[in-house]
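[1] need a 3D model of the sequence below.
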Amino acid sequence: MKKISKQHIILAIAAVVLIVAAIATGVYYNRSVSVANPVVVEKVTKPALVNNTLTYKGKDGVTALVLLQQNATIVTSGTGEMAYVTSIDGVAANPSNQYWAFNINDVAASVGAGSYITKSTDTITWKLSSF
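    Numbers count the residues shown, from 1 in each chain. Predicted structure coming up:
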């Protein structure tokens with residue numbers, strides 16, 4: 001049988017101490033990271049259609065139509081800049097006397113929803129209107 005020297009015992013103890021220290025450092029680091037930099041999960045709530053009106057905030061560089069698609073289930077006639085919204089969240093405009101109109105900061109839009117590039121300071125409102 002081979003004799004274990006003091007040097008082997010010291011090396012084995014040193015290895016165990018290093019492993020324990022590495023594990024303790026990892027646990028401490030993970031705790032400090034999670035406390036110092038907590039992960040914040042923000043719940044995103046889609047706006048609701050109330051009294052045939054839908055309101056949401058603008059987003060820098062995104063069209064009113066893309067934001068509407070992100071915030072509601074819509075049906076359009078045409079696409080992109082030529083899109084005409086015919087239904088929002090299952091409420092369809094009666095083509096004989098209704099249409100979906102959108103306002104930007106309480107002012108009627110002068111361009112289509114697919115053309116208007118929103119800003120984060122904008123409030124976009126869609127309303128089922130009659131003519």
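
[2] can you name the next helix or strand after the lowest-mean-pLDDT helix or strand in the chain?
    In the chain, no helix or strand scores lower on mean pLDDT, DSSP states H and E than helix 6-36, which sits at a mean of 76. Later in the chain than helix 6-36, the nearest helix or strand by DSSP states H and E is strand 53-57.

[3] counting contacts, what elements does that next one pack onto?
    On a contact count with 3 or more Cβ pairs under 8 Å, 6 or more residues apart in numbering; DSSP states H and E, strand 53-57 meets helix 64-71, strand 123-130. Backbone N, C-alpha and C define where each C-beta goes, glycine included.

[4] so which of those gets nearest residue 115?
    Across those, residue 115 has its closest neighbour in helix 64-71 (8.3 Å, Cβ to Cβ).

[5] in that closest one, what's buried?
    64, 65, 66, 67, 68, 71 (16 or more other Cβ atoms under 10 Å).

[6] what mean pLDDT does it get?
    Taken as a whole, helix 64-71 has a mean pLDDT of 94.

[7] distance between the least confident helix or strand of the chain and the chain's centre?
    Remark: helix 6-36 is offset 40 Å from the chain centroid, using Cα atoms, centre = their mean, to the nearest Å.

[8] equivalent analysis for stretch 85-105, please.
    On Cα atoms, centre = their mean, the centre of stretch 85-105 falls 25 Å from that of its chain.

[9] buried set for that stretch?
    Buried positions in stretch 85-105, judged by neighbour count with 16+ other Cβ under 10 Å: 85, 86, 87, 88, 93, 98, 100, 101, 102, 103, 104.

[10] how close does the fourth one get to residue 96?
    With distances defined as Cβ to Cβ, to the nearest Å, the gap from residue 88 to residue 96 amounts to 18 Å.
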